[in-house]
Structures are given as C-alpha cells and as structure tokens.
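*Asks:* Mind looking at a prediction? Sequence and model below.
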Amino acid sequence: MEIVTPGLANLSLFAGAALVLLLIPGPAVLYIIARSVEQGRLAGFVSNLGIHAATLVHIAAAALGLSALLASSALAFSIVKYAGAAYLIWLGLKKIFGRGDGGEGEVVVTRRGYARLIRDGFIVNLLNPKTALFFFAFLPQFVDVGRGHIAMQITILGLLFAALGFVTDGCYALVAGTAGNWLKRSRGYLRFERYVSGTLFIGLGVTAALAGDSRK
C-alpha cells in the first residue's frame with residue numbers, strides 16, 4: 001500500500017507549530033515533572049512512555065473519526081473530562097493521606113514500580129479530552145486533501161507529534177529529575193514532599209474539570 005504523506009511545506013509548518021505547543025506545560029508535562037521530582041529522572045522517562053502510549057490511542061481515534069464524535073457529544077466529552085479529573089484528584093488525595101513508610105524522624109518518599117508509572121501516565125493522558133480535541137482540531141489543518149488518504153495523513157502527523165512530544169517531555173523529565181535529586185537532600189522538602197506532590201495532582205484534576213468547556 002502506498003504511503004501518502006502531507007506535503008513538505010505542511011510537514012514543516014506542522015512540526016514548528018507542534019513544538020511551540022509542546023513546550024507549553026500541560027497536564028501531561030506537569031504529571032511527568034511531578035513524578036520526576038518525586039522519584040528521579042528514570043521515573044520521569046518511564047512515565048513519559050505511558051503518556052505517549054496513550055497519545056498513540058488518541059492518534060488512532062483521530063484517524064478513525066472518533067475524535068469528531070467526542071467533540072460533537074457533550075455527554076461523551078463530560079464523561080471523559082470528569083473521569084480524568086477524578087483520577088488526578090484521587091492520585092493527589094492518595095498521596096497526601098497515604099501512610100508513610102519511614103519511622104520517627106525519617107521521611108521516605110513513596111516509590112512507584114515502573115509498570116505502575118506507565119499505567120498511571122497512560123490513564124492520565126488517555127482520559128484527557130483536550131488531547132483528543134487537539135488532534136481533531138489541529139491535525140486536519142495540515143492535511144493535503146488533494147493527496148487523498150486522509151486517515152493515513154492524520155496518522156503520520158500524529159506520529160510526528162508523538163515523537164516530538166516524547167523528546168520534549170523527556171527533556172522536562174531530565175531537568176525535573178535533576179532538580180528533584182537536589183531537593184531531596186533537604187529534610188524540609190522530604191517532610192512536605194507528599195503534600196506538594198499531592199496538591200499538584202489535585203490542582204491538575206480541578207483544572208481539568210473546570211477547563212475546556214468551550215470546545216470551538
């Protein structure tokens with residue numbers, strides 16, 4: 001089967017626009033930063049894998065027209081939006097009120113297994129309706145209708161976006177993980193780390209619940 005791609009000019013414009021958007025921190029980036037500060041660079045990179053595994057699902061949905069259904073259905077939009085927000089808030093509450101593993105005078109940062117980091121990252125991005133709506137609204141602008149095979153062009157653009165996102169989010173994980181190692185040498189940070197991370201997750205959930213009502 002012939003592989004049909006958008007024109008070179010469209011691909012160049014898309015790559016530039018995608019980089020600008022990816023460098024602006026959103027829920028996925030903030031999630032990666034939180035995990036990197038909490039557990040180190042490797043945890044951030046592993047979370048990045050989960051985030052962009054979900055990105056591939058959004059790409060497939062956009063190519064099949066499912067994003068169009070999500071954008072047109074207020075009920076579907078609300079269900080996915082509030083499910084994602086509730087999951088983030090649950091992570092935050094669990095972080096704040098979960099029992100610590102350290103004894104008196106010692107604070108131990110709760111560590112997550114790699115499989116769980118991938119799972120959490122996947123769910124956070126999968127249940128983010130703004131990602132699906134982004135692909136529905138953004139990718140078609142760079143499709144060359146004259147070339148045909150619209151679904152294939154959308155898939156190629158989406159894969160390019162995912163690759164760029166994996167690189168930029170990896171840079172966020174590197175920087176945040178390095179800063180996290182420095183912060184964890186501070187006993188004050190270790191004592192309040194769970195409250196900082198938990199509040200961040202709750203803030204992400206509340207933001208997700210309140211944002212995105214205008215779906216133009």
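*Replies:* Structure's in. What do you need?
*Asks:* Let me see the ranges of the helices in this structure.
*Replies:* All helices of the chain, identified by DSSP state H, fall at 8-22, 27-39, 41-64, 66-72, 74-97, 114-126, 129-138, 150-183, 187-210.
*Asks:* Dump the ones you listed to CSV, plus distance to D144.
*Replies:* The way it works is simple: take the backbone N, C-alpha and C, and place the C-beta from them, glycine included. Below are the helices of the chain laid out as CSV (distance: least, C-beta to C-beta, whole Å):
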stretch, distance to D144
helix 8-22, 6
helix 27-39, 28
helix 41-64, 15
helix 66-72, 19
helix 74-97, 29
helix 114-126, 28
helix 129-138, 15
helix 150-183, 7
helix 187-210, 34
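*Asks:* Among those helices, show the one with the smallest mean pLDDT.
*Replies:* Ranked by mean pLDDT, the helices of the chain bottom out at helix 66-72, which scores a mean of 62.
*Asks:* So what's the residue count around the closest residue to L204 other than its chain neighbours?
*Replies:* Closest residue to L204 apart from its sequence neighbours, by C-beta to C-beta, 6 or more residues apart in numbering: L88 at 4.7 Å. Residues near L88, counting by other C-beta atoms under 10 Å, number 27.
*Asks:* show me what contacts L88?
*Replies:* 27, 124, 201-202, 204-205, 208 (C-beta atoms under 8 Å, 6 or more residues apart in numbering).
*Asks:* how about the residues you listed in TSV, adding neighbour count and distance to L174?
*Replies:* Output for these, formatted as TSV (neighbours: other C-beta atoms under 10 Å; distance: C-beta to C-beta, whole Å):
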residue	neighbour count	distance to L174
P27	22	19
V124	27	20
F201	24	21
I202	19	26
L204	25	21
G205	23	26
A208	25	25
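*Asks:* out of these, what pair is the most spread apart?
*Replies:* Using C-beta to C-beta, the contacts of L88 reach their maximum pairwise distance at V124 and I202, which is 13.3 Å.
*Asks:* Is A63 in contact with A151, as I believe?
*Replies:* Yes: at 4.4 Å, A63 and A151 qualify as touching, with contact defined as C-beta atoms under 8 Å.
*Asks:* Between the two, point out the one with more neighbours.
*Replies:* A63 (20 against 15).
*Asks:* Now do the contacts for the more buried one.
*Replies:* Residues in contact with A63 (C-beta under 8 Å, 6+ apart) are 151-152, 154-155, 158.
*Asks:* Of the residues you listed, which qualify as buried by neighbour count?
*Replies:* Buried residues within the contacts of A63, counting neighbours by 16 or more other C-beta atoms under 10 Å: 152, 154-155, 158.
*Asks:* before we move on, back to that, highest mean neighbour count out of the helices of the chain?
*Replies:* When you average the neighbours per residue for each of the helices of the chain (mean count of other C-beta atoms under 10 Å), helix 27-39 leads with a mean of 24.
*Asks:* Can you give the contact residues for that helix?
*Replies:* Residues outside helix 27-39 that contact it (C-beta under 8 Å, 6+ apart) are 25, 43-44, 47-48, 51, 88, 109-112, 117, 120-121, 124-125, 128, 130-131, 165, 169, 172-174, 176-177, 179-180, 183, 193, 197, 200-201, 204, 207-208.
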